[in-house]
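Enquirer: I need the structure of the sequence given here:
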Amino acid sequence: MRHNKKFNHLTRTSSHRKAMLANMASSLIESKRITTTVPKAKALRMYVEPLITKAKDDTTHSRRVVFSHLQNKDAVSELFRDVAVKVADRPGGYTRILRTGTRLGDNAEMCIIELVDYNETMLASVEEAAKPKRRRSRRGGAKKAESPVAAAGKKEKPKAEKSEHAADVKVEESKVEEIQSEVVTEEVIEAQVAEATDDEVEATSAKPEEETKAETKPEEEDTKEE
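Expert: Got it, this is the predicted structure:
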């Protein structure tokens, strides 16, 4: 008879159930996270959390008690060396069950059971949620009176900027004047060249006329003699 026995037998014998929970606890301690069914996860939580509490007291007796349950030297050393140090400030509740839906074959309800202090993503989100949020009001507050030194410094800065700007403008104007003077000189040179070419053309056109006149004069003289 099962009078007042409220734990889940998981349809297994006592020896089978203890061996299964010991293996699952060792896997959870070494891997920090395992996937299983919800009933097994709840039974494992009742099995492994007292062992983690026992591991906070690192004595030979505690190690022997934990080893008698787990029967795994690697898991025991990992539990006392790393896990117990990590959960030293936590007063219980070392595991978390996250439901992941149902299994395809038999429609069993599946979940992930993990050690709380090893889920870095959730820890970061919890820390962000715990930070106090700053209230930002859109109302413009009264401006604080500035010291005369700061005000003088602020007034002097635009002058320096203006002087630098004026110097830049002067440099640009001088560059423009140089370019314009170069353009003017080029135009003058072109005009002089054009005038020189016109004079040459006129000189060349005048020479043939003089030659024709010189040739016609002897002919006229010959006719007069006759």
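
Enquirer: any idea what sits nearest residue 94, other than its immediate chain neighbours?
Expert: Spatial nearest neighbour of residue 94, excluding adjacent residues (Cβ to Cβ, 6 or more residues apart in numbering): residue 52 at 4.9 Å. C-beta: built from backbone N, CA, C; applies to glycine.

Enquirer: Run through the residues that contact the one you found.
Expert: 79, 83-84, 87, 94 (Cβ atoms under 8 Å, 6 or more residues apart in numbering).

Enquirer: C-alpha coordinates for the helix or strand containing it, CSV please?
Expert: Using DSSP states H and E, residue 52 sits in helix 38-55. The C-alpha trace of helix 38-55 is given here as CSV (Å, rounded to 0.1, in the frame of the first residue of the first chain):
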residue,chain,number,x,y,z
VAL,A,38,8.0,17.2,-17.2
PRO,A,39,7.2,14.4,-14.7
LYS,A,40,10.9,13.3,-14.7
ALA,A,41,12.1,16.9,-14.4
LYS,A,42,9.9,17.4,-11.3
ALA,A,43,11.2,14.2,-9.8
LEU,A,44,14.8,15.1,-10.6
ARG,A,45,14.3,18.5,-9.0
MET,A,46,13.3,16.9,-5.7
TYR,A,47,16.3,14.5,-6.0
VAL,A,48,19.1,16.9,-6.9
GLU,A,49,18.4,20.1,-5.0
PRO,A,50,19.1,18.5,-1.5
LEU,A,51,22.4,17.2,-2.9
ILE,A,52,23.4,20.7,-4.0
THR,A,53,22.5,22.0,-0.6
LYS,A,54,24.7,19.3,0.9
ALA,A,55,27.6,20.3,-1.3
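
Enquirer: Can you give me the neighbour number for residue 66?
Expert: Neighbour count of residue 66, defined by other Cβ atoms under 10 Å: 22.

Enquirer: For this protein, give me the ranges with low pLDDT.
Expert: Residues of the chain that meet the criterion pLDDT under 70 lie in 135-171, 176, 180, 183-186, 188, 198-226.

Enquirer: now the strands: where do they sit in it?
Expert: For the chain, strands defined by DSSP state E occupy the ranges 33-37, 95-102, 109-115.

Enquirer: what packs against the first one?
Expert: It refers to strand 33-37. Counting contacts by 3 or more Cβ pairs under 8 Å, 6 or more residues apart in numbering; DSSP states H and E, strand 33-37 packs against helix 14-31, strand 109-115.

Enquirer: Just checking: what are the partner strands of the last one?
Expert: I take that to be strand 109-115. When pairing is defined by DSSP bridges, strand 109-115 lines up against strand 33-37 (antiparallel), strand 95-102 (antiparallel).

Enquirer: follow-up on the earlier one: could you identify which of the helices and strands packed on strand 33-37 is most buried?
Expert: strand 109-115 (a mean of 18; mean count of other Cβ atoms under 10 Å).

Enquirer: who touches that one?
Expert: Contacts of strand 109-115 (Cβ under 8 Å, 6+ apart): 28, 32-38, 41, 44-45, 83, 86-87, 94-103.
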